[in-house]
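1. Sequence and predicted structure are below.
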Amino acid sequence: MTPLKLESKPDVHASTRMLLAGDGSTTLLLQALTGHDLSIRVDAQGDTPADRLPVGIRSALGLADTAVVLERRSCLVTPEQEVVSINRVVFDDTARSRMGEPDPVTPIGLQLRGRQVHQHREQLSTGVMRWRDSLTERWVDSAFKEYVIHYAAGGRAYVHEQFNPHMVQLAN
């Protein structure tokens, strides 16, 4: 994972720069980009001791090592089940208690919008990661972004999103 501030690099595809710079619902932007309504495939969701998380996530959420968080790993998929993004979301205890368990069939951003939850997003980084291309069985570069959602009512959630390079292009 290489943080690069891709949203400010002119050689990166314009739609990718806009997606990475956006401070609102990534799901809505991805739906506009792909032309599809996207759904979520939850691969894992459950309690995780904070000391098992990377230091960067613990720091971004201000977690004590003894905290227990809700962690969700998921993918946004097209109606044909093509993966558009791979996501990791970690909710601190305050966000979890105020928001309840995330709906397993609706992406987080759309849940927040549907509940009219006031929040803002603090971008942490954007950059390039490796993506296993299922068509060629090769590793290719793909864009990612990570940010923290700050809920107006209190609580935070860390979000990491990695984008399918066939849908979110790096180069012009």
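-> The structure has been received and is ready for your questions.

2. ok, Ser39 - how many residues close by?
-> 17 (other CB atoms under 10 Å). Any C-beta I mention is one placed from the backbone N, CA and C, and that applies to glycine too.

3. How about the contacts made by it?
-> Each residue near Ser39 by CB atoms under 8 Å, 6 or more residues apart in numbering is listed here: Leu76, Val77, Pro79, Val105, Pro107.

4. Got the phi and psi for the residue nearest to the last one when sequence neighbours are not counted?
-> On the basis of CB to CB, 6 or more residues apart in numbering, the spatially nearest residue to Pro107 that is not a chain neighbour turns out to be Thr27, at 4.4 Å. Taking degrees, to the nearest 10, you get phi -60, psi -50 for the backbone angles of Thr27.

5. and what of Gly62?
-> Reported as degrees, to the nearest 10, the phi and psi values for Gly62 are phi 60, psi 40.

6. shaky segments in the protein?
-> Flagging of the chain using pLDDT under 70 yields the residue ranges 1-8, 10, 172.

7. For it, which segments count as strands?
-> In the chain, the strands defined using DSSP state E lie at 2-3, 39-49, 68-77, 83-91, 119-133, 138-151, 156-163.

8. Distance to Ser97 added to these, as a markdown table?
-> Below are the strands of the chain laid out as a markdown table (distance: least, CB to CB, whole Å):
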| stretch | distance to Ser97 |
| --- | --- |
| strand 2-3 | 31 |
| strand 39-49 | 13 |
| strand 68-77 | 10 |
| strand 83-91 | 9 |
| strand 119-133 | 16 |
| strand 138-151 | 11 |
| strand 156-163 | 12 |
